[in-house]
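Model the structure of this input:
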Amino acid sequence: MPVAHSKNPRTLKGHLLLDAGGLAGSFFHKSVVLVCSHTTEGAFGLVLTRSIGSKIGGALSEMLPERLDEEFVYAGGPVQPGALSYLYSHPRLTKGTVLSRVSLGHELGGLIDLGLHPFPEMRLRIFAGYAGWSPGQLDEEIRRESWLIRKSTPDLIFHQPPETLWSYLLRKSPLWTERLLAERPDNSSVN
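Next up, the predicted model:
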(Lines give C-alpha, C1' and ligand atoms only; values in the text may rest on other atoms or scores of the structure.)
Protein backbone atom coordinates (compact mmCIF):
# COMPACT_ATOMS: atom_id res chain seq x y z
CA MET A 1 0.00 0.00 0.00
CA PRO A 2 1.67 3.27 -1.02
CA VAL A 3 1.79 5.93 1.65
CA ALA A 4 0.77 9.38 0.53
CA HIS A 5 3.12 12.22 1.37
CA SER A 6 1.80 15.58 2.38
CA LYS A 7 3.27 19.02 2.24
CA ASN A 8 2.46 21.14 5.25
CA PRO A 9 -1.32 21.49 4.89
CA ARG A 10 -3.22 24.33 6.56
CA THR A 11 -4.13 21.97 9.38
CA LEU A 12 -2.35 18.76 10.26
CA LYS A 13 -5.44 17.26 11.90
CA GLY A 14 -5.72 13.63 10.86
CA HIS A 15 -2.10 13.47 9.67
CA LEU A 16 0.79 11.47 11.04
CA LEU A 17 4.04 13.04 12.20
CA LEU A 18 7.13 10.85 11.96
CA ASP A 19 10.42 11.57 13.71
CA ALA A 20 12.60 12.83 10.85
CA GLY A 21 15.74 11.47 12.53
CA GLY A 22 16.66 14.44 14.71
CA LEU A 23 14.71 13.58 17.86
CA ALA A 24 17.16 11.06 19.38
CA GLY A 25 17.18 11.23 23.15
CA SER A 26 13.67 12.66 23.32
CA PHE A 27 10.30 11.06 24.04
CA PHE A 28 9.58 11.31 20.31
CA HIS A 29 12.60 9.32 19.06
CA LYS A 30 11.40 6.97 16.28
CA SER A 31 7.80 7.87 17.05
CA VAL A 32 4.65 8.33 15.01
CA VAL A 33 2.14 10.89 16.30
CA LEU A 34 -1.46 11.17 15.12
CA VAL A 35 -2.44 14.85 15.13
CA CYS A 36 -5.96 14.99 16.55
CA SER A 37 -6.30 18.79 16.60
CA HIS A 38 -4.28 21.60 14.99
CA THR A 39 -5.48 25.19 15.14
CA THR A 40 -4.01 28.64 15.68
CA GLU A 41 -4.35 27.91 19.42
CA GLY A 42 -1.96 24.94 19.27
CA ALA A 43 -1.98 21.23 18.51
CA PHE A 44 -2.88 17.99 20.27
CA GLY A 45 -1.67 14.55 19.26
CA LEU A 46 -1.28 10.96 20.41
CA VAL A 47 1.89 8.90 20.02
CA LEU A 48 0.91 5.62 18.37
CA THR A 49 4.21 3.80 18.88
CA ARG A 50 4.77 3.58 22.65
CA SER A 51 3.05 0.77 24.54
CA ILE A 52 3.22 1.14 28.31
CA GLY A 53 3.08 -2.65 28.61
CA SER A 54 0.09 -2.73 30.94
CA LYS A 55 -3.57 -3.32 30.30
CA ILE A 56 -6.31 -0.82 31.12
CA GLY A 57 -7.97 -3.26 33.54
CA GLY A 58 -4.92 -3.16 35.78
CA ALA A 59 -4.37 0.58 35.40
CA LEU A 60 -7.77 1.84 36.54
CA SER A 61 -9.53 1.20 39.83
CA GLU A 62 -12.97 1.52 38.20
CA MET A 63 -14.89 -1.58 37.20
CA LEU A 64 -14.65 -1.90 33.45
CA PRO A 65 -16.61 -4.06 31.02
CA GLU A 66 -14.77 -7.32 30.39
CA ARG A 67 -14.24 -6.35 26.75
CA LEU A 68 -12.00 -3.46 27.89
CA ASP A 69 -9.93 -5.24 30.56
CA GLU A 70 -7.51 -6.71 28.03
CA GLU A 71 -6.87 -3.51 26.04
CA PHE A 72 -3.26 -2.31 26.24
CA VAL A 73 -2.46 1.26 27.25
CA TYR A 74 -0.15 3.41 25.13
CA ALA A 75 1.93 6.40 26.21
CA GLY A 76 0.15 9.10 24.23
CA GLY A 77 2.82 11.68 24.99
CA PRO A 78 4.81 13.35 27.75
CA VAL A 79 2.09 15.84 28.75
CA GLN A 80 -0.19 14.88 31.68
CA PRO A 81 0.73 11.18 31.76
CA GLY A 82 -2.41 10.43 33.77
CA ALA A 83 -4.80 11.97 31.23
CA LEU A 84 -7.07 9.47 29.47
CA SER A 85 -7.64 9.56 25.71
CA TYR A 86 -8.85 6.89 23.32
CA LEU A 87 -9.28 6.44 19.59
CA TYR A 88 -12.01 4.22 18.24
CA SER A 89 -13.41 3.11 14.92
CA HIS A 90 -16.17 0.82 13.71
CA PRO A 91 -17.96 0.27 10.38
CA ARG A 92 -21.01 2.36 11.36
CA LEU A 93 -18.85 5.38 12.24
CA THR A 94 -18.87 7.23 8.92
CA LYS A 95 -17.92 10.62 10.34
CA GLY A 96 -15.21 10.80 12.94
CA THR A 97 -13.70 13.62 14.94
CA VAL A 98 -10.14 12.92 13.73
CA LEU A 99 -10.59 11.07 10.42
CA SER A 100 -13.65 9.95 8.49
CA ARG A 101 -13.83 6.68 10.46
CA VAL A 102 -11.81 7.53 13.59
CA SER A 103 -13.04 9.42 16.64
CA LEU A 104 -11.35 10.65 19.78
CA GLY A 105 -12.69 10.47 23.33
CA HIS A 106 -11.45 11.54 26.74
CA GLU A 107 -14.27 10.64 29.13
CA LEU A 108 -14.13 7.40 31.13
CA GLY A 109 -17.92 7.10 30.80
CA GLY A 110 -17.65 7.14 27.01
CA LEU A 111 -14.98 4.44 27.11
CA ILE A 112 -17.15 2.30 29.39
CA ASP A 113 -20.10 2.76 26.98
CA LEU A 114 -17.91 1.50 24.12
CA GLY A 115 -17.06 -1.55 26.22
CA LEU A 116 -20.67 -2.21 27.22
CA HIS A 117 -22.07 -1.79 23.71
CA PRO A 118 -19.28 -2.82 21.38
CA PHE A 119 -19.94 -2.56 17.68
CA PRO A 120 -18.89 -5.46 15.48
CA GLU A 121 -15.34 -4.97 14.27
CA MET A 122 -14.78 -2.05 16.65
CA ARG A 123 -11.16 -0.95 16.96
CA LEU A 124 -9.93 0.78 20.08
CA ARG A 125 -6.62 2.28 21.25
CA ILE A 126 -6.29 3.71 24.79
CA PHE A 127 -3.69 6.32 25.80
CA ALA A 128 -2.27 7.83 28.96
CA GLY A 129 -0.87 11.31 28.35
CA TYR A 130 -0.65 13.24 25.11
CA ALA A 131 1.59 15.37 22.90
CA GLY A 132 0.80 19.06 22.98
CA TRP A 133 2.12 22.11 21.18
CA SER A 134 1.56 25.78 21.98
CA PRO A 135 0.43 28.22 19.24
CA GLY A 136 2.85 28.06 16.31
CA GLN A 137 5.18 25.54 17.99
CA LEU A 138 4.32 22.59 15.75
CA ASP A 139 4.52 24.78 12.63
CA GLU A 140 8.02 25.85 13.71
CA GLU A 141 9.06 22.23 14.28
CA ILE A 142 7.82 21.40 10.77
CA ARG A 143 9.85 24.30 9.34
CA ARG A 144 12.93 22.99 11.18
CA GLU A 145 12.26 19.60 9.54
CA SER A 146 11.89 17.78 12.87
CA TRP A 147 8.88 15.89 11.49
CA LEU A 148 7.89 14.12 8.29
CA ILE A 149 4.18 14.37 7.47
CA ARG A 150 2.06 11.50 6.17
CA LYS A 151 -1.63 11.02 5.60
CA SER A 152 -3.25 8.68 8.06
CA THR A 153 -5.74 5.88 7.67
CA PRO A 154 -7.64 3.74 10.18
CA ASP A 155 -5.54 0.76 9.06
CA LEU A 156 -2.31 2.53 9.98
CA ILE A 157 -3.71 3.49 13.39
CA PHE A 158 -5.30 0.17 14.36
CA HIS A 159 -3.76 -2.61 12.26
CA GLN A 160 -0.03 -1.89 11.93
CA PRO A 161 2.08 -3.14 14.86
CA PRO A 162 2.93 -0.02 16.91
CA GLU A 163 6.55 -1.04 17.52
CA THR A 164 7.29 -1.15 13.77
CA LEU A 165 4.97 1.63 12.50
CA TRP A 166 7.74 4.27 12.22
CA SER A 167 10.06 2.05 10.17
CA TYR A 168 7.14 0.65 8.13
CA LEU A 169 6.10 4.14 7.01
CA LEU A 170 9.66 5.16 6.19
CA ARG A 171 10.29 2.00 4.16
CA LYS A 172 7.22 2.86 2.03
CA SER A 173 8.66 6.28 1.14
CA PRO A 174 9.63 6.99 -2.48
CA LEU A 175 12.65 8.91 -1.13
CA TRP A 176 15.75 6.77 -0.61
CA THR A 177 16.93 9.05 2.22
CA GLU A 178 13.80 8.26 4.20
CA ARG A 179 14.04 4.53 3.46
CA LEU A 180 17.66 4.66 4.65
CA LEU A 181 16.58 6.43 7.86
CA ALA A 182 14.40 3.40 8.71
CA GLU A 183 17.53 1.21 8.69
CA ARG A 184 19.80 3.55 10.68
CA PRO A 185 20.81 2.12 14.07
CA ASP A 186 20.13 4.14 17.22
CA ASN A 187 23.87 4.38 17.84
CA SER A 188 25.41 5.68 14.59
CA SER A 189 28.92 4.72 15.80
CA VAL A 190 27.89 1.09 15.29
CA ASN A 191 28.61 0.13 11.67
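
Burial check on residue 31, number of neighbours?
Here the count is done by other C-beta atoms under 10 Å, and residue 31 has 23 residues near it. Every residue, glycine included, has its C-beta placed from N, CA and C.

With residue 178 instead?
Neighbour count of residue 178, defined by other C-beta under 10 Å: 18.

Now do the contacts for it.
Contacts for residue 178 (C-beta atoms under 8 Å, 6 or more residues apart in numbering) come out as 148, 170.

tell me which residues in the host helix or strand of it are buried?
Per DSSP states H and E, residue 178 falls inside helix 176-183. Using 16 or more other C-beta atoms under 10 Å as the test for burial, helix 176-183 gives 178, 181-182.

export those to a markdown table and tack on pLDDT and distance to residue 99?
Converted to a markdown table, the buried residues of helix 176-183 look like this (pLDDT from 0 to 100; distance: C-beta to C-beta, whole Å):
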| residue | pLDDT | distance to residue 99 |
| --- | --- | --- |
| 178 | 87 | 23 |
| 181 | 87 | 25 |
| 182 | 85 | 24 |
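
Make CSV out of those and add distance to residue 21.
Shown next, in CSV, are the buried residues of helix 176-183 (distance: C-beta to C-beta, whole Å):
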residue, distance to residue 21
178, 9
181, 5
182, 10
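
Tell me the one among the residues you listed nearest to residue 125.
Among those, residue 182 lies closest to residue 125 (C-beta to C-beta), at 22.6 Å.

what's the burial count for the closest residue to residue 78 other than its chain neighbours?
Spatially, and ignoring its direct neighbours in sequence, residue 78 is nearest to residue 27 (4.6 Å; C-beta to C-beta, 6 or more residues apart in numbering). Residues near residue 27, counting by other C-beta under 10 Å, number 14.

Contacts only, for residue 27.
Going by C-beta under 8 Å, 6+ apart, residue 27 touches 47, 75, 77-78.

Show me just the buried residues among those.
Neighbour-count burial (16+ other C-beta under 10 Å) applied to those gives 47, 75, 77.

quick one: which of those sit in strands?
Under the assignment DSSP state E, the buried ones among the contacts of residue 27 contribute 47, 75 to strands.

Kindly present the buried ones among the contacts of residue 27 as TSV, with separate columns for distance to residue 131.
Formatted as TSV, the buried ones among the contacts of residue 27 follow (distance: C-beta to C-beta, whole Å):
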residue	distance to residue 131
47	6
75	10
77	3
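
From the buried ones among the contacts of residue 27, pick the one nearest residue 140.
Nearest to residue 140 among the buried ones among the contacts of residue 27, with distances taken as C-beta to C-beta, is residue 77, at 17.7 Å.

and the closest one, what does it touch?
Per C-beta under 8 Å, 6+ apart, neighbours of residue 77: 27, 33, 45-47, 127, 129-132.
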